[in-house]
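J.: take a look and give me a structure for this.
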Amino acid sequence: MLWWDRKARIAWELDELRRAGYEVDAPDITDDIMTVGIIVDLDGDKHRLEADFGELYPYFRADVRAPTLTFDHHQHPFSKNLCLVRRGTDTGDVEQSLAALLKEQFPQILATGWAGDATSRGVETEQAEPVTAYFAPEAGSAIFFDGGWKLPDGFTTGRLTVVRDPESRKRPFRGVVAEVATMANERVLSAPPYLCHPGDRIEGYVVKLSAPILEPDAARLYAELKRTRLRGVHEGKTVVIAVVVPEEHAWRDASGEGWLFVVREGGNPCYFARPARVGENDLRARTPELHALDQKTVAVFGLGCIGAPSAIEFARSGAGAVRIADCDAVAAGTIVRWPLGLPTVGHAKTEVVAHFIRTNYPRTKVGRFGGRIGATAGEHAALFEMTEGASLLYDASAEPDLSYFLADLARNRGLPYVGVSGTQGGWGGVVVRLRADGTTGCWYCLQRARDEGTIPAAPAAASSDVQPVGCMDPTFTGASFDLATVALTGIRIAIATLLEGEGGYPAAPWDVLVIRLRDASGQLLLPQFEGFTLPPYPDCPACNGSGSV
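T.: Below is the predicted model:
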């Protein structure tokens with residue numbers, strides 16, 4: 001049973017509005033969206049506000065618009081909706097009536113709703129109101145550009161070159177702004193290298209305005225630009241016009257530049273394409289602690305259900321380069337715990353992951369090695385290339401002998417080593433971090449600590465190997481979402497190690513993490529993480545330079 005009765009609640013709202021002195025024009029209360037007219041008196045002039053009570057009111061607050069009023073701030077320029085409370089569904093007070101909200105907030109809008117107001121600090125939420133965000137783009141469209149671009153002073157009209165994604169040759173338009181030039185073809189702006197890719201070159205124009213044209217219809221805005229700024233210019237079958245206007249990128253600071261794209265294709269109706277900011281600063285803004293990661297190179301060995309999502313996560317986090325190594329192809333049955341699905345089956349894992357990173361996270365450079373380590377001609381040169389100039393070796397091979405070799409390889413190359421593995425059944429996992437500077441133990445020290453019980457084993461199913469039909473070898477069982485916990489923990493430790501001492505992401509004080517997702521009987525646990533340090537054993541021959549082990 002609902003905790004409220006919608007009709008009774010709206011009737012209460014209407015009574016509260018009348019009790020507060022408002023003249024109310026309300027239709028009969030129904031289960032549909034209901035619009036209520038509210039008359040307000042502003043210095044002797046009467047204006048009609050309109051409040052929409054939605055079908056799911058009061059779970060979601062009423063929307064109020066002021067059709068006869070225009071404000072620079074706190075109002076949608078096209079729908080005329082007023083911003084009475086901060087955006088987001090967490091800001092409403094279900095116990096507050098609309099009448100009380102209007103009495104409290106509407107005078108604040110009247111006092112601070114214009115661009116020149118200096119009285120808004122401490123009264124309004126201090127956030128920017130970018131005007132281009134109000135224009136509705138065509139669903140699925142996107143034109144990528146560097147959001148840090150600034151057109152030079154005096155620039156008014158110029159040429160635009162957009163490289164269109166060949167897969168979007170039919171509406172909606174998707175592409176990258178490759179170049180902005182003057183009408184005399186003098187280059188002004190160029191796309192960053194990571195955005196450059198083959199495609200159809202579409203020529204268009206850039207118009208820089210001193211103030212936005214608040215026209216929500218793309219065809220009418222296109223016609224206005226043609227009449228006032230682009231009279232007589234040549235047009236191809238498809239044309240894109242970039243409209244650059246001053247807008248707020250910080251609270252009450254309109255010194256930024258907003259970009260709006262209008263697309264016309266043949267005789268079809270014009271539409272707005274979504275402006276997609278993908279410059280370095282645009283992509284860094286949401287992860288400020290990871291800025292230095294773009295100077296780091298990670299060598300990832302093993303692209304199974306832990307290594308493949310880890311490689312993708314390094315790229316997503318902004319690593320400058322990821323080098324990947326694996327000898328296998330994607331098997332059909334593994335997609336239940338591999339990050340990508342059926343279209344990748346049969347392709348080399350290195351090919352699939354490299355293509356995915358280049359397509360989706362092009363700032364990250366990708367190198368790959370597809371041979372079987374220990375059985376491939378030329379692997380000395382390949383391993384040298386994998387690790388030359390690298391910042392960290394990330395081992396997700398889940399093969400103890402190979403991990404032993406990779407730990408020694410990292411030590412000999414002067415690289416920190418992070419090894420990540422899950423246990424049988426996905427009951428837990430282990431993350432190991434070995435430094436190359438002698439402040440932690442080595443692979444031998446790790447095995448000795450395990451043998452002596454100072455570092456415990458992670459929980460594992462007693463026997464959960466299966467040999468799926470058609471496979472040459474048995475494989476372990478375990479769910480993707482359990483193993484993802486292990487992979488993401490490995491990423492955290494790796495990035496903490498990569499950025500240590502650079503003032504960004506916090507340092508990790510542990511050398512070994514044991515992860516428990518189930519107890520010894522296989523029952524679910526809240527994820528448990530136990531951290532250990534691994535100092536060198538005083539008598540370790542490898543750590544003390546007395547020979548190999």
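J.: for the closest residue to Ala128 other than its chain neighbours, give me phi and psi.
T.: Beyond its immediate neighbours in the sequence, the residue positioned closest to Ala128 (C-beta to C-beta, 6 or more residues apart in numbering) is Glu248, lying 4.0 Å away. Heads up, the C-betas are built off the backbone N, CA and C, glycines and all. The phi and psi values for Glu248, taken as degrees, to the nearest 10, are phi -80, psi 120.
J.: how much space between Glu248 and Ala407?
T.: When distances are taken as C-beta to C-beta, to the nearest Å, Glu248 and Ala407 turn out to be 52 Å apart.
J.: one more: Lys237?
T.: With distances defined as C-beta to C-beta, the gap from Lys237 to Ala407 amounts to 60 Å.
J.: and for His347?
T.: For His347, the distance to Ala407 - C-beta to C-beta - is 30 Å.
J.: wait, a helix at Leu102?
T.: Yes. Secondary structure assignment places Leu102 in a helix (DSSP: H, G, I helix; E, B strand; the rest coil).
J.: which pLDDT value belongs to it?
T.: At Leu102 the predicted local distance difference test score is 95.
J.: could you do Gly547 as well?
T.: 46.
J.: do Gly92 as well
T.: Here, the pLDDT recorded for Gly92 equals 60.
J.: and for Glu167?
T.: The confidence metric pLDDT takes the value 85 at Glu167.
J.: let me see the contact set for Ala211.
T.: Contacts for Ala211 were tallied using C-beta atoms under 8 Å, 6 or more residues apart in numbering; they are 245-246.
J.: how about a cut-off of 10 Å?
T.: 131, 245-246, 254 (C-beta atoms under 10 Å, 6 or more residues apart in numbering).
J.: so it versus Asp72, what's the distance?
T.: Look at Ala211 and Asp72: by C-beta to C-beta, they are 11 Å apart.
J.: low-confidence stretches in the stretch 401-549 of the chain?
T.: Counting by pLDDT under 70, the stretch 401-549 of the chain shows low-confidence ranges at 464, 470, 472-473, 545-549.
J.: let's see it at 80
T.: For the stretch 401-549 of the chain, applying pLDDT under 80 flags the ranges 463-476, 545-549.
J.: the residue nearest to Ala128 touches Glu126, doesn't it?
T.: No. Judged on C-beta atoms under 10 Å, Glu248 makes no contact with Glu126 at a distance of 11.0 Å.
J.: looking at those two, which is more packed in?
T.: Glu248 (18 against 11; other C-beta atoms under 10 Å).
J.: any idea which helix or strand in the chain has the lowest mean pLDDT?
T.: For the chain, the helix or strand with the lowest mean confidence is helix 379-387, at a mean of 89 (criterion: mean pLDDT, DSSP states H and E).
J.: list the buried residues in the helix or strand hosting Leu283.
T.: Assigned by DSSP states H and E, Leu283 belongs to helix 280-284. The neighbour-count check on helix 280-284 (16 or more other C-beta atoms under 10 Å) flags 280, 283 as buried.
J.: next SSE downstream of that helix?
T.: Moving toward the C-terminus from helix 280-284, the next element (DSSP H and E) is strand 297-301.
J.: taking helix 379-387 as reference, get the angle to that following strand.
T.: With axes from the mean of the first three to the mean of the last three C-alpha atoms, to 10 degrees as the basis, strand 297-301 and helix 379-387 are set at 130 degrees to each other.
J.: which residues does the closest residue to Lys365 other than its chain neighbours bridge with?
T.: Using C-beta to C-beta, 6+ apart and skipping residues adjacent in sequence, the residue nearest Lys365 is Ala321, 4.2 Å away. Per DSSP bridges, the residues bridged to Ala321 are Thr297, Lys365.
J.: what of Leu49?
T.: Here Leu49 sits in beta bridges with Ile38, going by DSSP bridges.
J.: next one: it from Leu102, what distance?
T.: 8 Å.
J.: neighbours around the nearest residue in space to Arg174 that is not next to it in sequence, how many?
T.: In space, Arg174 comes closest to Ser168 once its chain neighbours are excluded; the distance is 4.0 Å by C-beta to C-beta, 6+ apart. Burial measure for Ser168: 17 neighbouring residues, criterion other C-beta under 10 Å.
J.: my guess is Ser168 contacts Val162. True?
T.: No. Using C-beta under 10 Å, Ser168 is not in contact with Val162; the gap is 11.1 Å.
J.: shared neighbours of Leu49 and Leu102, anything?
T.: Common contacts of Leu49 and Leu102, defined by C-beta under 10 Å, 6+ apart, comprise 22, 38, 40, 64, 82.
J.: now do the fourth one, the pLDDT please.
T.: pLDDT, Val64: 96.
J.: you'd agree it is in a strand?
T.: Yes. Going by three-state DSSP, the assignment for Val64 places it inside a strand.
J.: chain center to the longest helix seen in the chain: distance?
T.: When every helix of the chain is counted residue by residue (DSSP state H), the longest turns out to be helix 480-498. For helix 480-498, the distance between its averaged C-alpha position and the chain's averaged C-alpha position is 18 Å (C-alpha atoms, centre = their mean, to the nearest Å).
J.: now do the strands in the stretch 151-300 of the chain.
T.: Counting by DSSP state E, counting those that start in this stretch, the stretch 151-300 of the chain has these strands, from start to end: 157-164, 174-182, 187-190, 200-208, 238-247, 256-265, 271-273, 275-277, 297-301.
J.: winner for burial among those strands?
T.: strand 297-301 (a mean of 27; mean count of other C-beta atoms under 10 Å).
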